[in-house]
Each structure stands twice: as structure tokens, then as C-alpha cells.
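[1] Quick one: sequence plus predicted model below, questions after.
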Amino acid sequence: MSRAVVRLGATLTAAVLLFTSWSVATPGRAVALDPFTGYLMAHFTGESSTGQQIYLAHSTDGLRWTDLNNGAPVLRSTVGTRGVRDPALVRSPAGDRYWIIATDLCIGCGQNWDDAQHNGSRSLVVWESTDLVNWSAPWLLNVAGAIPDGRNAWAPEAIWNPETNDYVLYWATNSSRNGVTKHRIHSARTSTFRSITTAQVYIDRPGSQGIIDTQIVEVPTGVGSYRYVRASGDGQITVEGSNSILGSWTNLGNLSGIGLTGSQVEGPMWMKFNPRNEWALYLDQYASGRGYLPVLTGNPSSTGGYRIAASASYAMGGTRKRHGSILNLTAAEQSRVLGRWGSTVPVNRIQSYNVPDRYVRHADFDVRIDANVSPAQDAQFRLMPGLAGTGTVSFQSVNFPGYYLRHYGFDLRLEADDGTATFAGDASFRQVAGLANPSWTSFQSHNYPDRYIRHYDYLLRLDPINDTQGRGDATFRVTT
């Protein structure tokens, strides 16, 4: 998220955005038995209701990423604000259970930044899975309700703590303490992510300096001087080390030496490369809007050895990836994830039968047929399995993943899937033989089967078709 949207002045200095990075829970038995072969990133994409959901991306080398599910969300929140940001993906020590924890926040969906800071949700949104592909319904975990003057709960992270045999869950809450109102990192312990111990202040910077984004990574024995290293957004990207998650931490420096400060980047996200002792610290270039930038190191404890990756060495995929987390995948996990979300539906254009130089396109979210469409992606769609079920198709936009053609008042629009049955019905169509030419195609409405998609004065709408003109207007060709 862009910090330019909201600032807390002296209270938060340069750190005011909701971004969380995620800490990978110690994989335990999964590490001992199954080598890691790939990487899974959970993230969100932006401020829209569709963008503030759970997205996934996959990489085989940790630097070049491919969007999963054709760039559309894989999970949607149906609780709280019905939006989520900053997902943290956690694996159990045995490798047999997973959780996604995220900020309960939907900017622009009835809530603005001032409300979110001072009277936001005190809960996190949680999903649970045993296989990374089948997820429970989400639930709310109230973490900040008992914090005196606690006003929100942002940027959740969790890491397995072998000293207490449970997870340390930590997040940012804006509250007044000792006369200073700002974001501080709080922590609590949990085994199930359904209840927590009493929240405690975990990280509090001096004076009015706030802190929002923190992520901890565990470092193997023999690398550096500390078992745990954390990176935090607190005006700088501050790096600290410790040999105990709940113990004392030592300041190891920041990234200003390589030209990166909290006014430029935020949302630190750790990743260890398979199988070597090298790490990437991904940072969101929020000030320039360029998305994630990997900083590489062979020793997270030594900030003097950090180096910015060459731009040609990494690629972040098609969607903009906002503050998320990366999980190293075993071969079995990778196979399940790619089997569920890895297949790619071809990109198509929809050509008009009776005005063959024109193609279906969206323009300012209205839908029409035009020639010479620019940008070309406005006329590109994926014919997905229908949102309403078997026997139907839905048209997903290529440059607005998660947005579909749907009728509203019989007018065709491009809108974000809101997860409702009404939207699914309005965005689903039966692909039938062309009404004007059976070698072409017509699209019959799922919930108004007497109506078909047709163009009228080049605008697309849903109409009954009763004459030759209508049959031509309602006939199309799906092209690559």
C-alpha cells in the first residue's frame, strides 16, 4: 500500500501503511523428510474490493514469479470488512497444517485510512488448511480488543517458537501509551489461531516513531551470529538479531547503505533460496509504485553484505504484488498447488460476426465492440469455467484479473466478482451455436435464458433475439 495515502505525522514518521510481511513457521519434520523445490507467495494487489483478497504466485527459483489462478483471487473474505491485506502464510512444524492470517481491512469499501487507523477492525482474518488447496471458511480472531485504547490490528505475522512449543503471533496496533499515540508491534501466543494469550507490547521504538511492518526469519546454525533476524519498517528498514524470539534483540543496522530507506520501501518479506544459504529480502517500492525489489544476502545478520538484485534477474509476474509472504514448498506441496491453480486458461478475443473488424472490449468498465483496440489487453479475455457452474462460461478480463463481464439491468459491464450468487448468475453464459451462423458462437444468459449477448450501436447488452439483425448482432467468434 502506498504510504502517501495516509500519514501519522510525527507519530509514525515515514511508516504508515498497512503492509505485513510474513514469517515462515519453522517447517520441522517437513524439512527433515522433504527437500524444498519451489516457492509460494501469498499477497494482495491493491485498493479495490477484488484487489484486497488473497492471491497466489509460484516460482521455481525464488526470483521469477508466475501468477496462479490466472491472476485472480484464490480466497475471498466473507467476514469483518470483507477485505484482507498483508497475508501471512504459516506452516505447522509437522508440515500437516497451514494457516493464512491477514489484516481485516478494505480501503475504499466503506472505510478510509483515518477510520482504519483510529477505529479499525481489532481482529485478524484466519483460514486453515491441511493441504494448501482446500481451505476452511474464514474466521475473525480478536487480537487487539483487550489492548488499552487499541484502535486496529494490522500486519500480522506468526512464527513457531520451540521454547514455548507454540506460535508467537505478532501484529501492529495503534494505541496511546505513556502519552504517545502510534503503532507498536504487539505479540501473543497461540496454538490454534482461534484464541490467544494476553497481548503484550513486543516492539516499541523511542519517542513518536511508529512501527508497522516486521518479519522474522530463522537462520540455520553456522550462518551469522543470531538464530533469528527480523526486518522492520520504522522510518528505515531496520535489521535486528536475537537467539530467542521473545528475548532481547540487537540492532544490526539498516539498508540506507545500499540506498534504501523507509521513505522508499516498506513491507519486508524474507525468503530463503533452496537449498543454499542465501536469502532474498523483498521490499515494496511503494514510493515509486514499482512493486517488489529483492535484496540478496548470504548472511541476514550482516547488513554490510546486502546487495540489490539486478533488474534483469527477477520478474514479479502480471499482477502487482503488495505486502505478502513466501513459503518454501516441498515437491508434494508444489504438485498440489500447481494442480489446483497452476493451469493457464488461454487468452482470447471475441470477434463480431456482422462487424468483423470489431472485437468485444471494455472501456471505462463499459463493454462494447471496437476496431483497433488500444491497449490490446482491453479486448482480451479468458473463458473461465462459469461462475454459476457446469455448462457455462464466464469472461475474465486479462488486464483486470478477478473482473468479469456481467449484465446489470441487461447492460453488459466489467465488474469485480463480489462472490455472490447473483453476480455468478449474471456473469455466466452458455456457449451455443451461433444464431446467424452455426460455425460461430452465441452466448445465452444463464439466469435469463431467453436473452443473448448482442451489440446494439456497438454497445453490448442482453436481449431477446427475434429477427435477422438481432441474430447477426448476437453472433461472435472466439479467437486466439
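    Great, that's in hand.

[2] switch to C-alpha atoms for all contacts and neighbour counts from now on
    Will do.

[3] Measure how buried Thr261 is and give me the count.
    When neighbours are counted by other CA atoms under 10 Å, Thr261 registers 19.

[4] give the contact list for it.
    Gly235, Gln236, Ile237, Leu255 (CA atoms under 8 Å, 6 or more residues apart in numbering).

[5] Name the member of the residues you listed with the shortest distance to Thr81.
    The shortest approach to Thr81 among those belongs to Gly235, at 28.4 Å (CA to CA).

[6] my read: the closest one touches Leu260, true?
    No - using CA atoms under 8 Å, Gly235 is not in contact with Leu260, being 10.7 Å away.

[7] neighbour count winner among those two?
    Counted by other CA under 10 Å, Gly235 and Leu260 do not tie: Gly235 has more neighbours, with 21 against 18.

[8] Centre of the chain to stretch 312-327, how far?
    10 Å (CA atoms, centre = their mean, to the nearest Å).

[9] Mean confidence (pLDDT) on it, please.
    Regarding stretch 312-327, the rounded mean pLDDT is 92.

[10] can you tell me which of the contacts of Thr261 are in strands?
    Ile237 (DSSP state E).

[11] With distance to Asp114 and pLDDT as extra columns, can I get the contacts of Thr261 in TSV?
    Shown next, in TSV, are the contacts of Thr261 (distance: CA to CA, whole Å; pLDDT from 0 to 100):
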residue	distance to Asp114	pLDDT
Gly235	20	94
Gln236	23	96
Ile237	24	97
Leu255	30	96
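
[12] Adding distance to Asp204, write the contacts of Thr261 out as JSON lines.
    Shown next, in JSON lines, are the contacts of Thr261 (distance: CA to CA, whole Å):
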{"residue": "Gly235", "distance to Asp204": "13"}
{"residue": "Gln236", "distance to Asp204": "14"}
{"residue": "Ile237", "distance to Asp204": "15"}
{"residue": "Leu255", "distance to Asp204": "20"}
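
[13] who wins for neighbours among the contacts of Thr261?
    Ile237 (26 neighbours).

[14] Run a quick neighbour tally on the nearest residue to Ser176 once chain neighbours are set aside.
    Leaving out its chain neighbours, the residue that sits closest to Ser176 by CA to CA, 6 or more residues apart in numbering is Asp149, at 6.1 Å. When neighbours are counted by other CA under 10 Å, Asp149 registers 16.

[15] Which strand or helix spans Asp149?
    Assigned by DSSP states H and E, Asp149 belongs to no helix or strand.

[16] I'd say it and Thr173 touch.
    No - when contacts are counted by CA under 8 Å, Asp149 is not listed as touching Thr173 (9.5 Å).

[17] Which stretches in this structure count as helices?
    With helices called from DSSP state H, the chain shows them at 29-33, 113-118, 331-341, 421-426, 468-473.

[18] Show me the one of the ones you listed that comes nearest Asn399.
    helix 331-341 (18.3 Å).

[19] Tell me the gap between the closest one and the middle of its chain.
    With CA atoms, centre = their mean, you get 18 Å for helix 331-341.

[20] Which residues belonging to that helix are considered buried?
    In terms of neighbour count (16 or more other CA atoms under 10 Å), helix 331-341 has its buried residues at Glu333, Gln334, Val337, Leu338, Trp341.

[21] Run through who's touching it.
    Contacts of helix 331-341 (CA under 8 Å, 6+ apart): Asp34, Pro35, Phe36, Thr37, Gly38, Tyr39, Leu68, Asn69, Asn70, Asp131, Leu132, Val133.

[22] could you redo the last one with a cut-off of 10 Å?
    34-40, 56-60, 67-72, 74, 95, 131-134, 328-330, 342 (CA atoms under 10 Å, 6 or more residues apart in numbering).

[23] send the alpha carbons of that helix over as CSV?
    This file holds the C-alpha atoms of helix 331-341, laid out as CSV (Å, rounded to 0.1, in the frame of the first residue of the first chain):
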residue,chain,number,x,y,z
ALA,A,331,7.6,-31.4,-4.1
ALA,A,332,4.3,-32.7,-2.8
GLU,A,333,3.1,-29.3,-1.8
GLN,A,334,4.1,-27.8,-5.1
SER,A,335,2.3,-30.6,-7.0
ARG,A,336,-0.9,-29.9,-5.1
VAL,A,337,-0.8,-26.2,-5.5
LEU,A,338,0.0,-26.3,-9.2
GLY,A,339,-2.5,-29.0,-9.8
ARG,A,340,-5.2,-26.8,-8.3
TRP,A,341,-4.2,-23.3,-9.6
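
[24] How about Pro73, nearest residue that isn't a chain neighbour?
    Tyr55 (4.7 Å).

[25] For burial, what's the neighbour tally of the one you found?
    Neighbour tally, Tyr55, other CA under 10 Å: 26.

[26] ditto for Arg177
    So Arg177, with other CA under 10 Å, has 12 neighbours.

[27] picking up where we left off before, give the intersection of the neighbour lists for Asp149 and Thr173.
    His118.

[28] From the contacts of helix 331-341, keep the buried residues only.
    Among the contacts of helix 331-341, those buried by neighbour count (16+ other CA under 10 Å) are 36-40, 56-60, 67-72, 74, 95, 132-133, 328-330, 342.

[29] how does this protein divide into domains?
    Domain segmentation of the chain under automatic domain parsing yields 3-341, 349-479.

[30] Please pull out the lowest mean pLDDT helix or strand from the chain.
    helix 29-33 (a mean of 43; mean pLDDT, DSSP states H and E).

[31] Can you list the low-confidence ranges for the stretch 101-250 of the chain?
    Counting by pLDDT under 70, the stretch 101-250 of the chain contains no low-confidence range.
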